[in-house]
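J.: after the sequence you'll find the predicted model.
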Amino acid sequence: SPDDNQPSLSLGLIDAAEDIIRVRSIRIINRTSKRAKVTIQPLFRLAEQQESGAVKMKVKFNGEYRNSFHLGGNSHTHVKIHFYFKADLLPANAMGSGENGINPATLSMNEFDGYITISHSLSSSNIALPW
């Protein structure tokens with residue numbers, strides 16, 4: 001984010017009266033000399049957000065929807081994350097400038113967020129990219 005210079009996938013404000021798709025791209029770099037299996041898993045921060053079905057995510061690599069692929073040594077690629085928003089399943093807009101304007105519960109009612117986890121076969125550590 002611009003505030004802390006840490007990577008994140010911002011979707012911005014989505015005022016959805018109809019179903020929409022947002023696509024974001026992630027550049028994956030393999031800085032080792034060995035071929036690695038890369039796995040990308042989109043996750044929600046809260047289980048109820050995922051269970052609502054209002055937002056779905058798919059990983060697209062080389063024109064195919066899949067969560068894992070192989071990446072050669074000393075190379076890079078781009079992966080697209082497709083966010084699908086079902087307008088009829090999203091909560092009604094709870095934002096306002098009235099008495100609940102600064103209520104944290106009201107402010108977070110319309111937020112959907114989570115992480116894109118990125119792992120590879122040459123390391124036991126993962127990267128968690130907020131969205």
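T.: Great, that's in hand.
J.: how about Met57, nearest residue that isn't a chain neighbour?
T.: Pro42 (3.8 Å; CB to CB, 6 or more residues apart in numbering). (Glycine included, C-beta is placed from N, CA and C.)
J.: buried set for the strand or helix carrying that neighbour?
T.: In the assignment (DSSP states H and E), Pro42 maps to strand 36-44. Neighbour-count burial for strand 36-44, counted by 16 or more other CB atoms under 10 Å, picks out 36, 38-40, 42, 44.
J.: any idea how far the residue nearest to Met57 is from Thr77?
T.: Taking CB to CB, to the nearest Å as the measure, Pro42 falls 17 Å from Thr77.
J.: tell me which element the residue lying farthest from the centre of the chain is part of?
T.: Most distant from the centre of the chain: Glu99, at 31.9 Å, with distances by CA atoms, centre = their mean. Assigned by DSSP H and E, Glu99 belongs to no helix or strand.
J.: neighbouring contacts of the lowest-mean-pLDDT helix or strand in the chain?
T.: Every helix and strand of the chain was ranked by mean pLDDT, DSSP states H and E. The lowest is helix 104-108, at a mean of 76. Helix 104-108 is contacted from outside by 94-96, 100, using CB atoms under 8 Å, 6 or more residues apart in numbering.
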